[in-house]
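Here's my sequence, what's the structure:
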Amino acid sequence: MPVSSSIHLTQCLSKICSVQPSSVLDIGCGFGLWGFLCRMHLDVWNGRVQPEHWQTRIDGVELFEPYIQAHQRALYSKIIIADIRDVVDSLENYELIIAGDVIEHLEKADGEAVLEKLYAKATRALIVNIPIGPGWDHPEQHGNPGELHRSQWECSDFIKHPCEIFLARMTCGDYGTFYCSPEIRVADQVESWRMAGQCAESRGDLHEALRCVRHAHQLDPGEAQTVYLLADLSLNHASTGEAISVLRTLLQTRPEYHDARYFLANMLYHTRRPGEASEEVMKLLGIPDLNEELQAKVHTLAAKLRLGGN
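Below you'll find the model as predicted:
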């Protein structure tokens, strides 16, 4: 359809207003929602009410010309009627590019190629709105063959580029907004990818969860929440070696994370590595300020290790 869900509008508008771009490209502009909202928030709200006073360049690309009516032509600076695959190379750079419900209508390889080029042409930010995972079948409608969903996308498909991820749960499944910008802090990227992993885990997609959380861990190997989640997921995925490795990497830089050391020791004990487990337990026993709950766990594990040595 020439319209989409409204569940992501507040999130996207907050980003658009923070960027305050002087040029916007709306891919798959359809009924013109983003043209209207960008014109309102970037020009009208800044006191430039009449068209002759507008300063923001807002262009659109639309595959299906019958969707374009008089109001879109009044709001947009220019509308290009074309398949994005045919014109992406010739497009100019824009401070902000919005690709709303577009790339799922392309074959996966075509969508990936278009995204790469849009990333390069968005000088300040790219916003991609897209259904995530299965359950989003969409047929041809309104005489427009472009309405058919031809590919399925996951959060990990955006792993190459710095982005913040916002996921909303809808009847059909998760709906994602990916805000991509070189200005995004690493800490925000880590949190976004970790949350994407948790969402994937909640819907039972352990493979996708691991991919997202591994990416978060690569961005910041010392972020404790990510390490704990990755270790837990790795155990569930029968990859104990990875779980042990990420905990040891964390403790090299953050030895004060005593909970992580206990987690590691317990894991080594249960994987029949009592010597290594004992080394970690001895380190914990030598710490005078352990909280009572952790201290009790450590003493219990120490007792098990002594019994194992008899």
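
Could you tell me which ranges of this structure sit under the pLDDT cut-off?
1-6, 135-143, 146, 238, 307-310 (pLDDT under 70).

Check which helices and strands the lengthiest strand in it sits against.
The single longest strand within the chain, with elements called by DSSP state E, is strand 122-132. Helices and strands touching strand 122-132, by 3 or more C-beta pairs under 8 Å, 6 or more residues apart in numbering; DSSP states H and E, are helix 9-19, strand 94-100, helix 108-121, strand 173-180. All C-beta spots, glycine's among them, are computed from the backbone N, C-alpha and C.

now what about the second one, what contacts it?
Looking back up the chat, that one is strand 94-100. With C-beta atoms under 8 Å, 6 or more residues apart in numbering as the test, strand 94-100 has contacts from 4, 12, 16, 19, 21-28, 33-34, 57, 59, 114-115, 118, 121-130.

Output stretch 288-296 in CSV with nothing but the alpha carbons.
Output of stretch 288-296 as CSV, limited to C-alpha atoms (Å, rounded to 0.1, in the frame of the first residue of the first chain):
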residue,chain,number,x,y,z
PRO,A,288,37.4,-9.5,51.5
ASP,A,289,34.4,-7.4,50.4
LEU,A,290,32.3,-9.9,48.6
ASN,A,291,28.6,-9.4,49.2
GLU,A,292,27.0,-12.1,51.4
GLU,A,293,25.0,-13.7,48.6
LEU,A,294,28.0,-14.1,46.3
GLN,A,295,30.2,-15.2,49.2
ALA,A,296,27.8,-18.0,50.0
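
Pull out the buried positions in that stretch.
290, 295 (16 or more other C-beta atoms under 10 Å).

let's have the chain start at 59 instead
OK, 59 is where the count begins now, so the last one is stretch 346-354.

so how far is stretch 321-333 from its chain's centroid?
34 Å (C-alpha atoms, centre = their mean, to the nearest Å).

returning to that earlier point: wait, which of the helices and strands packed on strand 180-190 is closest to residue 212?
Of all the helices and strands packed on strand 180-190, strand 231-238 sits nearest to residue 212, with 9.0 Å by C-beta to C-beta.

Okay, angle between the helix or strand following the closest one and strand 180-190 too, please.
Using DSSP states H and E, the next helix or strand after strand 231-238 towards the C-terminus is helix 244-260. Here the directions of helix 244-260 and strand 180-190 differ by 10 degrees (axes from the mean of the first three to the mean of the last three C-alpha atoms, to 10 degrees).

Determine the set of other helices and strands touching helix 244-260.
Against helix 244-260 (3+ C-beta pairs under 8 Å, 6+ apart) you get strand 221-228, helix 264-277, helix 282-294.

can you put these in CSV and add mean neighbour count?
As requested, the helices and strands packed on helix 244-260 are exported to CSV (neighbours: other C-beta atoms under 10 Å):
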stretch, mean neighbour count
strand 221-228, 18
helix 264-277, 21
helix 282-294, 20
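
Any chance of a markdown table for these, columns distance to residue 235?
A markdown table is the format used below for the helices and strands packed on helix 244-260 (distance: least, C-beta to C-beta, whole Å):
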| stretch | distance to residue 235 |
| --- | --- |
| strand 221-228 | 4 |
| helix 264-277 | 15 |
| helix 282-294 | 21 |
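
what's the closest of the ones you listed to residue 312?
Short answer: helix 282-294, nearest of the helices and strands packed on helix 244-260 by C-beta to C-beta, at 6.9 Å.
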